[in-house]
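Q: Could you work out the structure for the sequence below:
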Amino acid sequence: MTDLTTTYLGLKLKNPVVASASPLTKKLDSAKKLDDAGVGAIVMYSLFEEQIIHESLELDHYLTRGTYSNAEALSYLPDTGMYAMGPGKYLDHLSAVKQTVSVPVIGSLNGVSKGGWTKYARSMQDAGADAIELNLYYIAADPFLTGQELEDTYVELVSDIKSVISVPLAVKLSPFVTALPNFAKRLSEAGADGLVLFNRFYQPDFDLDNLEVVHSVTLSNSDELRLPLRWVSILYGKIRADLALTSGVHTATDVIKSMMAGAKVTMLASELLHNGYGRVPDILANVQAWMTEHEYESIQQMQGSMSQQAVREPAAFERANYMKMLSSWKSLP
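A: Numbering: from 1, shown residues only. Coordinates of the predicted model:
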């Protein structure tokens, strides 16, 4: 019998198929269905920095509105720093999910700036999260903001969050980084136990009839696997942090490729949103069948077997592949 177990963020998982952050975890019964379908772990939908700050400011407004008209107004509630309203519901739901499912549950915190909101990582831990995933989703639109400044902010943010939790921390990254291996190394040294490659940026479109910006979600496809596959392959063995591959994982073939590149887990959402929970057992069965046919006894045996770890100069290797690809194109007759 082939062994599908893997270890991610120090957590032993029964298989490398993880449900990534998506609306599927917003309902308790949906989270239970993911568990019943056989996923190795569940990543909660994200709690956003803006949600925490907005709710805190709103509550602070109502708490302090009568301060100067009543000498006792400041004693309505003790000063707790960050107030939980909407975020409190997230923590309650996280706790309920943890108590309902049998697999590890990873809390998701989406933010980019330093501040008191980062303490919610500890609140997620206290609510039962087995690990925290920090989702760095940010479009650098300021022409005066340098890449170095942005990366420094991220590294400090990871260090800040790591200092308030004892559970593992994963960081979900964008591919739009000038020198990704160096940035990955810095994040790992700052305390990131894992890196998730990559975040999908949702691109807006223009409605020319109504002259409006249109925001819509486009689900991924397997073609998008190539970008994270390349970088997982390059980073494998070069940094301490575990690697998770997401974006473009839809089939057993995608999972197998990801393992061979060096990922500890694959994360999928689009496939489940489009085709349902039943895809999990189908994918796992096909992975197992492929492993049996090709005489692989375990997932660990596969991991990193096709990475670039043995290549002396990956950049030169990539340029060689680039030239081969271009020369392989055959023009139309």
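Q: make it CA atoms for all contacts and neighbour counts henceforth
A: Noted.
Q: Helix, strand, or coil at residue 244?
A: Classification of residue 244 using DSSP: H, G, I helix; E, B strand; the rest coil returns strand.
Q: and it, how many neighbours?
A: For residue 244, the count of nearby residues is 27 (other Cα atoms under 10 Å).
Q: That one bridge partners, please.
A: Taking DSSP bridges as the rule, residue 244 bridges to residue 196, residue 265.
Q: Any figure for the gap between it and residue 233?
A: Using Cα to Cα, to the nearest Å, residue 244 is found at 11 Å from residue 233.
Q: What ranges does the chain have for its helices?
A: In the chain, the helices defined using DSSP state H lie at 28-37, 49-64, 86-100, 120-126, 147-162, 180-190, 226-235, 252-261, 270-275, 279-293, 299-302, 314-327.
Q: List the buried residues of the third one.
A: Buried residues in helix 86-100, counting neighbours by 16 or more other Cα atoms under 10 Å, are found at 87, 88, 90, 91, 93, 94, 95, 97, 98.
Q: got a list of what residue 275 touches?
A: If a contact means Cα atoms under 8 Å, 6 or more residues apart in numbering, then residue 275 has no contacts.
Q: Kindly report the same for residue 221.
A: Neighbours of residue 221 in contact, by Cα under 8 Å, 6+ apart: 247, 248, 249, 250, 270.
Q: Which among those count as buried?
A: 247, 248, 249, 250, 270.
Q: Of these, which is the nearest to residue 223?
A: residue 248 (6.3 Å; Cα to Cα).
Q: what's the pLDDT at the closest one?
A: Looking at residue 248, its pLDDT reads 95.
Q: Confirm for me that it is in contact with residue 229.
A: No - Residue 248 is beyond contact range of residue 229, at 9.5 Å (criterion: Cα atoms under 8 Å).
Q: and the nearest residue to residue 222 once chain neighbours are set aside, what does it touch?
A: Nearest non-adjacent residue to residue 222, counting by Cα to Cα, 6 or more residues apart in numbering: residue 248, 4.3 Å away. Taking Cα under 8 Å, 6+ apart, we find residue 248 in contact with 220, 221, 222, 223, 224, 225, 226, 254, 268.
Q: ok, the last one to residue 194 distance?
A: Spatial separation of residue 268 from residue 194 under the definition Cα to Cα is 17 Å.
Q: How about the fifth one?
A: Counting by Cα to Cα, the gap from residue 224 to residue 194 is 21 Å.
Q: Same question for residue 245.
A: Computed as Cα to Cα, the residue 245 to residue 194 distance reads 11 Å.
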